[in-house]
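**Q** Dropping the sequence and predicted coords here.
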Amino acid sequence: MITAGLSENARTRTDPGFPVLTAQLAPALLVVLGLFGGGLFLGALQSLGYLPSVGMRVYSLKHFNNIIADPDFLKNLGLTFYISSISTGIAAVIGVLAAMAMTGYRTTRRVVNFVFQIPLTVPHLVIATAVIFMLSPSGLASRALQAIGLIDNPSQFPLMVNDSWGVGIIITYVWKEVPFITLMVLAVLNNQGTELLEAARTLHANRWQRFRFVVMPIIFPSLGAACLIVFAYTFGAFEVPYLLGQTYPMTMPVWAYRNFSDIDLMARPEGIATGLIIAVVVAVAIVLSQVLVQIARRRGVIL
Amino acid sequence: MKIPTRYLFAGLVTVAIGLPFCQLLIWSFSDRWFYPGLLPQAWGLRAWQYIFGTAGDQIINAVFQSIAVGAATAVIALAIGFPAGRALGLYTFRGKDFISVLLTLPVIVPPLCVAMGLHLWFIRLGLTETFIGVVLVHLTFCLPYAVFVMWGVFSNYNPDFEDQARSLGATSTSVVLRVILPMTLPGIVVASLFSFLLSWSQYLATLIIGGGKITTLPVILFALMASGDRPVAAAVSIVFVVPAFLALLLSAKNLGRQSIAGVR
């Protein structure tokens, strides 16, 4: 079997036969299907009420019903949605602006590029700690406002940690995710954008036109992918909302873990059910956004 | 005199990224820092003495525990991810798209769901509260990243060099050592770094499967945050970021083309 371009492009090579491929892929598939898939499957069994160790062997949707019928369900789901979509949105806007700024600055790019990698390596937990020290009522920001005479005491500082708007949580996520989005966007912009932008400039495209018809179409696929990853992460993450969120309502992951670790073993399947609902919501959100993009494309919207 | 905007931009970025760390450093060296002082009223080494002296065993143990879990996860992820990435990067075959979707799922589904599901099964297998159990659960979300990085490496890799070396009389050992390894080394470094950092910062999956017996640094830091001792929490936070910085510095050379974007 000879494929065109076989000698020059490694990607078009035909496979070396089933045994070799199996040997190379089997361990990875075993981990994904066995450990990851197995974990989800066993979780699903438990959330359906199958817990032989405590004598529960009847399958039912009772635990899912309990969760969905819980008056807190919609509140918690709404809060989680709000936090993830706002964090993703703000991070996307800042990330795209920063990437566009960085394409111009060739001299400082190497340094900025390196500096931007730093937040990627920093655990969320550390940044959450720093945000608490910064924005809590007695934090550094409050002290600074006191020093310039805008407030007299900590109680006048707007509540930004453990507050009902999740300000601290969102700031933590934005700080952490902006560099990720910037680097994802910057990679494609540097690869494909420079010449096209120059061409647009010689054709007297203005700032907005350059952004709308050159930058957006180039970055859209990677920006979209980056945003989906950020959304999925922020929707399912536990640490930051646990440390910086209020006790009620709470985000879905915090709720899931509360139930899972409850002394009452009967609450455990409900915790796992909540976890699975998180997974389903994230999956549906991703599929839905893909469908929307497809529809927009078919209607002729350039993205 | 007008400062060029690019320096303003670089300055803004540096301050935004540097401020949290400066603040943590100051907190870790403060003895008394009451409201409304902008700087501590008394500086001191109490926090550092505490974490390396009083609680030294616990913290140093946690550092080693974290390094061991991260390193084991990275090594296994690489050992499994390297051949898988090679198969996916070099060849076209049926079911490749399906495998790609399968590998994307653990990136999207939160580790919390998997850890909760695995917990009961791991109890049965005697893997809870063990090192291996924690490494296995970390592997579920680290492996896909390792595969994706190696996939990227191998889609720009020309295996003809291996045949050429062989036709010149190279043994399979020297093909591996002098052709494959040098050509894929940057990718190997990035893939290991990815896996290590993901494992390093994981809290909840470690807590669920490790059950408080495998006390990695995030587990300790969480407990300290609850206790409310700010200088100590700040010092532990710094201990927590230093290895990540070092890893970044050491691998900066290899990160030229591939950034570590994607590490959560």
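**A** The structure has been received and is ready for your questions. Numbers count the residues shown, from 1 in each chain, chains lettered A, B, ... in the order given.

**Q** Every contact and neighbour count from this point should use C-alpha atoms.
**A** OK.

**Q** Show me which parts of the helix or strand containing A:Leu74 are buried, residue by residue.
**A** Per DSSP states H and E: A:Leu74 is located in helix A:71-104. Using 16 or more other C-alpha atoms under 10 Å in any protein chain shown as the test for burial, helix A:71-104 gives A:73, A:75-92, A:94-96, A:98-100, A:102.

**Q** Cross-check the contact I'm expecting between B:Val149 and B:Val190.
**A** Yes. Assessed by C-alpha atoms under 8 Å, B:Val149 is found in contact with B:Val190 at 7.4 Å.

**Q** which residues in the stretch 1-150 of chain A form helices?
**A** A:18-29, A:38-47, A:62-69, A:71-104, A:106-121, A:124-135, A:140-147 (DSSP state H, counting those that start in this stretch).

**Q** ignore the last one, the stretch 1-150 of chain B
**A** B:5-28, B:46-49, B:56-90, B:96-108, B:111-125, B:131-155.

**Q** Kindly reformat those as CSV and extend each row with distance to A:Pro123 and mean neighbour count.
**A** Listed next are the helices of the stretch 1-150 of chain B as CSV, based on distance: least, C-alpha to C-alpha, whole Å; neighbours: other C-alpha atoms under 10 Å in any protein chain shown:
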stretch, distance to A:Pro123, mean neighbour count
helix B:5-28, 12, 16
helix B:46-49, 20, 18
helix B:56-90, 13, 22
helix B:96-108, 17, 16
helix B:111-125, 15, 22
helix B:131-155, 15, 24
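
**Q** Of the ones you listed, which is nearest chain A?
**A** helix B:111-125 (3.7 Å; C-alpha to the nearest C-alpha).

**Q** tilt between that closest one and helix B:96-108?
**A** Going by axes from the mean of the first three to the mean of the last three C-alpha atoms, to 10 degrees, helix B:111-125 is angled at 90 degrees with respect to helix B:96-108.

**Q** What's the separation between the most centrally placed residue in chain B and chain A?
**A** For chain B, the residue nearest the mean C-alpha position is B:Leu197 (0.5 Å; C-alpha atoms, centre = their mean). Per C-alpha to the nearest C-alpha, to the nearest Å, B:Leu197 is found 7 Å from chain A.

**Q** Quick one: neighbours of A:Thr172, just the number.
**A** As a burial measure, A:Thr172 scores 24 neighbours (other C-alpha atoms under 10 Å in any protein chain shown).

**Q** What's the mean pLDDT across the host helix or strand of it?
**A** Per DSSP H and E, A:Thr172 falls inside helix A:167-188. Averaged across helix A:167-188, pLDDT comes to 91.

**Q** So which bits of the next helix or strand after that helix are buried?
**A** Moving toward the C-terminus from helix A:167-188, the next helix or strand (DSSP H and E) is helix A:194-202. Going by neighbour count (16+ other C-alpha under 10 Å), the buried part of helix A:194-202 is A:Leu197, A:Ala200.

**Q** how about the residues of the stretch 51-200 of chain A that lie near chain B?
**A** Applying C-alpha under 8 Å from any C-alpha of the partner chain, we find that the stretch 51-200 of chain A lies next to chain B at A:105, A:108, A:112, A:114-115, A:117-127, A:129-131, A:133-134, A:138, A:140, A:143-144, A:146-147, A:175, A:179-180, A:183-184.

**Q** residue ranges for the strands of the stretch 151-300 of chain A, please.
**A** Ranges of strands within the stretch 151-300 of chain A: none, based on DSSP state E, counting those that start in this stretch.

**Q** mind showing which ranges of the stretch 151-300 of chain A have poor pLDDT?
**A** For the stretch 151-300 of chain A, the stretches with pLDDT under 70 are A:300.

**Q** Would you format the helices of the stretch 1-150 of chain B as TSV with distance to chain A included?
**A** What follows is those, written out as TSV (distance: least, C-alpha to the nearest C-alpha, whole Å):
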stretch	distance to chain A
helix B:5-28	5
helix B:46-49	16
helix B:56-90	5
helix B:96-108	6
helix B:111-125	4
helix B:131-155	6
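
**Q** which one of those helices lies closest to A:Val240?
**A** Among the helices of the stretch 1-150 of chain B, the nearest to A:Val240 by C-alpha to C-alpha is helix B:111-125 (13.7 Å).

**Q** Would you tell me which of the helices of the stretch 1-150 of chain A gets closest to A:Leu276?
**A** Closest among the helices of the stretch 1-150 of chain A, using C-alpha to C-alpha: helix A:38-47, at 7.3 Å.

**Q** for that closest one, packing partners?
**A** Under the contact criterion of 3 or more C-alpha pairs under 8 Å, 6 or more residues apart in numbering or on different chains; DSSP states H and E, helix A:38-47 touches helix A:268-298, helix B:111-125.

**Q** go with 10 Å
**A** Counting contacts by 3 or more C-alpha pairs under 10 Å, 6 or more residues apart in numbering or on different chains; DSSP states H and E, helix A:38-47 is packed against helix A:62-69, helix A:268-298, helix B:111-125.

**Q** check contacts around A:Leu25.
**A** B:Ile80, B:Gly81, B:Phe82, B:Pro83, B:Ala84, B:Gly85, B:Arg86, B:Ala87, B:Leu88, B:Ile99, B:Val147 (C-alpha atoms under 10 Å, 6 or more residues apart in numbering or on different chains).
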